[in-house]
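A.B. asks: predicted model and sequence below, questions to follow.
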Amino acid sequence: MVQTLSQEERRAHLPSLKEAGWAEVEGRDAIKRVFTFADFNEAFGFMARVALYADKADHHPEWFNVYSRVEVTLSTHDCQGLSMRDVQFAQFCNKLGQHA
Ligand SMILES: C[C@H](O)[C@H](O)[C@H]1CNC2=NC(N)=NC(=O)C2=N1
């Protein structure tokens, strides 16, 4: 069973994710970042790559897309909060979306 992040893991990982643009969601243990691209082609290319990662990792984002903008929310449903799966997922999104 996947565990929610310990206090130590939160201290270790959340500050760098926040520097990269992730924010804690009010009222639930989740993080969210908005990625803005040049156009829909780039936004959907990002989503396609993230979708392949999600399928392989069996870990799925909550997301919303309008044209060039993709809002990504991460939380682990199996433990109802943030886990290392979300940290790794966010880091993968950061790598792909670093020019976003
Ligand atoms: C059965 C399947 O492995 C689980 O439901 C996976 C699928 N994708 C998931 N995605 C997310 N974000 N959280 C989960 O707990 C989760 N669990």
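C.D. replies: Thanks, I have it.

A.B. asks: those strands in the chain, which residues are they?
C.D. replies: Along the chain, counting by DSSP state E, strands occupy 23-24, 31-36, 62-66, 69-74.

A.B. asks: let's have those in TSV, adding mean pLDDT, mean neighbour count and distance to Pro15.
C.D. replies: The C-beta positions use only the backbone N, C-alpha and C, and glycine is treated the same way. Listed next are these as TSV, based on pLDDT from 0 to 100; neighbours: other Cβ atoms under 10 Å; distance: least, Cβ to Cβ, whole Å:
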stretch	mean pLDDT	mean neighbour count	distance to Pro15
strand 23-24	98	14	12
strand 31-36	98	18	12
strand 62-66	98	13	23
strand 69-74	98	19	16
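
A.B. asks: make a markdown table out of the ones you listed and add distance to the ligand.
C.D. replies: Below are those laid out as a markdown table (distance: least, Cβ to the nearest ligand atom, whole Å):
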| stretch | distance to the ligand |
| --- | --- |
| strand 23-24 | 16 |
| strand 31-36 | 11 |
| strand 62-66 | 7 |
| strand 69-74 | 7 |
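
A.B. asks: nearest to Gly97, out of these?
C.D. replies: Closest approach to Gly97 among the strands of the chain is made by strand 31-36 (4.5 Å; Cβ to Cβ).

A.B. asks: grab the most central residue of the chain for me.
C.D. replies: Ala90 (3.8 Å; Cα atoms, centre = their mean).
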